[in-house]
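Asker: next input, structure requested:
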Amino acid sequence: MLYLVINDHSGILLNVYRCLNKHHYTIDKNEYGKCAGNGKAYLKLYLSDGELPLPPSIESELLNIEGCTDILYQQPEDGTEKGSTDLKQAEQEDLKQEVEATVNQILDNYDSLESIVFSFAQKHHNEHGSNDNYRLGYELGKAIYLEEFAFGKPLKLELALKRMLSEALKPFGKISCTNQVISIENNKLCNPANEHSHCDFCKGFMTGFLHQSSSTKNTRVENLSCRSHGQASCSFEFH
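Answerer: Next up is the predicted model:
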């Protein structure tokens with residue numbers, strides 16, 4: 001479920017629909033409600049198509065819509081915003097800076113990718129952990145693409161998966177790519193001991209990587225299988 005905290009209703013719904021439909025998200029219905037803690041209005045969206053959490057690029061587009069002030073993935077309750085918009089914004093800024101610092105740490109010492117990512121995941125082992133790990137993966141995938149793969153003519157999705165993304169994923173494990181599906185055997189970035197893992201970091205990495213190219217910027221990534229749920233490999237399909 002997706003919740004948008006808003007200042008008023010006027011014109012926002014149409015702009016939200018336009019933004020999400022452009023990125024191939026399907027909204028089945030919507031409801032308005034009030035945050036119990038501060039009485040602010042929120043827009044509750046029922047999605048039948050499209051992955052959550054949203055990529056940071058789409059979150060930014062939504063937050064640029066006039067009147068849209070926050071994005072949540074859980075039902076707003078008393079104290080959801082901790083009594084202060086300023087505090088919420090400060091927390092988001094702290095996370096942004098931590099993710100940026102962690103990405104730079106990984107880029108400076110890529111041989112330690114696994115330990116750095118797991119250290120970050122352990123620190124963010126809470127109700128927002130999936131979103132935070134996804135965001136770290138997204139920003140790292142973005143950085144890797146811009147540093148190593150942004151030169152030359154943009155490739156269509158199937159070629160981008162085979163020639164670029166598969167290459168970028170080699171430090172993760174043994175990569176195979178067929179029919180717009182990538183599988184990672186013995187994925188080092190998936191923790192099989194964590195039953196709540198859904199390859200959030202890996203999914204974010206792939207999404208951030210592909211969204212930097214004009215020919216693959218609207219690609220959606222679907223997690224088909226995951227080592228942490230007993231499958232032999234972590235597999236992803238791209239649309």
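Asker: residue ranges in the protein under the pLDDT threshold?
Answerer: Residue ranges of the chain with pLDDT under 70: 8-10, 36-39, 77-89, 126-129, 191-198.
Asker: can you list contacts of the host helix or strand of L159?
Answerer: Using DSSP states H and E, L159 sits within helix 157-160. For helix 157-160, the external contacting residues (CB atoms under 8 Å, 6 or more residues apart in numbering) are 154, 180, 210, 213, 215-216, 219, 238. C-beta here means a position set from N, CA and C on the backbone, and glycine is covered the same way.
Asker: quick one: F205 and L140 touch, right?
Answerer: Yes: between F205 and L140 a contact is recorded at 5.7 Å, counting by CB atoms under 8 Å.
Asker: looking at the two, which is more packed in?
Answerer: Taking neighbours as other CB atoms under 10 Å, F205 and L140 compare with F205 leading, 29 against 26.
Asker: any idea how far that one is from L13?
Answerer: Distance, F205 to L13, using CB to CB, to the nearest Å: 33 Å.
Asker: same deal with F236?
Answerer: Here F236 is placed at a distance of 32 Å from L13 (CB to CB).
Asker: which of the contacts of helix 157-160 fall within helices?
Answerer: Residues of the contacts of helix 157-160 located in helices (DSSP state H): L210.
Asker: from the contacts of helix 157-160, which would you call buried?
Answerer: Applying a neighbour-count criterion of 16 or more other CB atoms under 10 Å, the buried members of those are 210, 213, 216, 219, 238.
Asker: in this protein, which spans are helices?
Answerer: Along the chain, counting by DSSP H, helices occupy 12-22, 56-63, 85-108, 113-123, 129-148, 157-160, 166-168, 200-210.
Asker: buried ones in the longest one?
Answerer: Judged by neighbour count (16+ other CB under 10 Å), helix 85-108 contains these buried residues: 88, 95, 98-99, 102-103, 106.
Asker: want to throw the buried ones among the contacts of helix 157-160 into TSV with distance to N64?
Answerer: Putting the buried ones among the contacts of helix 157-160 into TSV (distance: CB to CB, whole Å) gives the following:
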residue	distance to N64
L210	22
S213	22
T216	22
T219	22
F238	27
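Asker: buried stuff in stretch 58-71?
Answerer: Residues of stretch 58-71 classed as buried by neighbour count (16+ other CB under 10 Å): 58, 61-62, 65, 67-71.
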